[in-house]
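Peer 1: Sequence and predicted model, in that order:
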Amino acid sequence: MREEKGVIIRTLQEDINNLKIEQASTLHQLSSTLSHLSSTLSQVADLQHEQNALRQELRKEQNQRLTIQEEVNRLKSKGCQCDNSSRNSTLLPHDIQTVKEAITFDLQLEMKQQNDSIMSEMSRMEKDVRDVKAKIRATAMTISGLVSSVSDLQTQIYFSAGTIRDVNKQWKTNEIIVFPHVLANVGGGYDASSGVFTVPKSGVYVLTCFLSTHSSSMYAKLILNGNPVVGITAVTNDVSDVDTGGNAMVSRFQQDDRIWIQFYIGHFLWTMSDASVSTFSGFLL
């Protein structure tokens, strides 16, 4: 029976080590994701800076366009004056209107090409910004999930308690067996004075109990909120004989559920002076 207890304790230690490894891996993944988010935010800032620069360039081009338009209007006005004076003078060239129209066409074509180029570049940048924002939202969701995972990993709950002194007493039916020697109590769920484990957080738990008896056989029960769930039996047929019985269970419990070991039939628990033989343990998966 000691070998079985040793196997369970080693299994608990392995589960705890695996949780620590998983937590370290999750924290590393979170760090990598945060680094990626920082890089993405830097790209967004660069795009926004470039977009502002293009907007300034567009305003500059629009101002130039207004200036050119004013110059075209001035030329048109001058051309009209020249047309009026050409009727009375043969010194002005007859094709000044043609030159004016050619200049105007070239200027308008150049402005249109520049405007189309700027608008196309701004559309591309706006698409890039939308894509980056989508990546940020996805990264934020990933970070939220990782933070939740890390929080769950950091919430470790386990306890183990026993007795290293012979409780030299006649146990009464339905009396709670108290294990005063606390080996571990992470999460603070076990009360060494009452022998009751109060569930700190809802989840799936593994619970075990081993009881050693002498002088007579004994039977005890694991109780959940006043209701028996599993039994523990240790059988001996001699006053000098010692026997150990145990049981284990895996179940989902709700926060504030109360669990304890309750005596039913028998006489004495047997313990050693330097080690816990009778124990009550559990941990959150």
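Peer 2: Sure, I can see it.

Peer 1: Skipping adjacent residues, who's closest to Ala161 in space?
Peer 2: Counting by C-beta to C-beta, 6 or more residues apart in numbering, Phe179 is the residue found nearest to Ala161 once chain neighbours are left out, at 3.8 Å. For the C-beta atoms, the positions are set from N, CA and C on the backbone; glycine is no exception.

Peer 1: wait, Lys221
Peer 2: Closest to Lys221 by C-beta to C-beta, 6+ apart is Pro228, at 4.3 Å.

Peer 1: From Leu37, how far off is that neighbour?
Peer 2: Relative to Leu37, Pro228 is positioned 52 Å away (C-beta to C-beta, to the nearest Å).

Peer 1: Looking at these two, which one has more neighbours?
Peer 2: It is Leu37, of Pro228 and Leu37, that has more neighbours when counted by other C-beta atoms under 10 Å, with 16 against 12.

Peer 1: which SS state does the residue nearest to Ala275 when sequence neighbours are not counted fall under?
Peer 2: Spatial nearest neighbour of Ala275, chain neighbours left out: Ile164 (6.5 Å); criterion: C-beta to C-beta, 6+ apart. The three-state assignment at Ile164 reads coil, by DSSP: H, G, I helix; E, B strand; the rest coil.

Peer 1: burial of Ile164, as a residue count?
Peer 2: 14.

Peer 1: What separation do you get for it and Ser117?
Peer 2: Counting by C-beta to C-beta - Ile164 and Ser117 are separated by 86 Å.

Peer 1: What of Ala24?
Peer 2: Distance from Ala24 to Ser117, by C-beta to C-beta: 52 Å.

Peer 1: show me what contacts Val277?
Peer 2: Gly162, Phe210, Ser212, Thr244, Trp270, Thr271 (C-beta atoms under 8 Å, 6 or more residues apart in numbering).

Peer 1: if I pick Arg65, what's in contact with it?
Peer 2: Here Arg65 is in contact with Met111, Asn115 (C-beta under 8 Å, 6+ apart).

Peer 1: Next SSE downstream of the one helix or strand it maps to?
Peer 2: Here Arg65, judged by DSSP states H and E, is contained in helix 2-86. Downstream of helix 2-86, the first helix or strand assigned by DSSP H and E is helix 96-154.

Peer 1: Next, Tyr205: secondary structure please.
Peer 2: strand.

Peer 1: I figured it hits Gly282, correct?
Peer 2: Yes. Shown here, Tyr205 and Gly282 form a contact pair, counting by C-beta atoms under 8 Å, at 5.4 Å.

Peer 1: Stretch 159-175 - what's its average pLDDT?
Peer 2: For stretch 159-175, the mean pLDDT works out to 78.

Peer 1: got the CA positions of that stretch in CSV?
Peer 2: Extracted in CSV, the C-alpha atoms of stretch 159-175 (Å, rounded to 0.1, in the frame of the first residue of the first chain):
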residue,chain,number,x,y,z
PHE,A,159,-3.4,20.0,-0.7
SER,A,160,-2.2,17.0,1.3
ALA,A,161,-2.6,16.3,5.0
GLY,A,162,-2.1,13.4,7.4
THR,A,163,-1.3,12.5,11.0
ILE,A,164,2.0,11.4,12.5
ARG,A,165,0.6,10.5,15.9
ASP,A,166,-1.7,7.6,16.8
VAL,A,167,-5.1,9.0,17.5
ASN,A,168,-5.7,6.7,20.5
LYS,A,169,-9.4,7.1,20.7
GLN,A,170,-12.6,5.2,19.9
TRP,A,171,-14.0,6.8,16.8
LYS,A,172,-17.7,7.6,16.7
THR,A,173,-20.0,6.8,13.8
ASN,A,174,-20.2,9.8,11.4
GLU,A,175,-17.4,11.6,13.1
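
Peer 1: tell me which residues in it are buried?
Peer 2: Phe159, Ser160, Ala161, Gly162, Thr163, Asp166, Trp171 (16 or more other C-beta atoms under 10 Å).

Peer 1: With stretch 249-258 instead?
Peer 2: Phe253, Asp257, Arg258.

Peer 1: likewise stretch 228-237?
Peer 2: Residues Ile232, Thr233, Ala234, Thr236 are the ones in stretch 228-237 that count as buried (16+ other C-beta under 10 Å).
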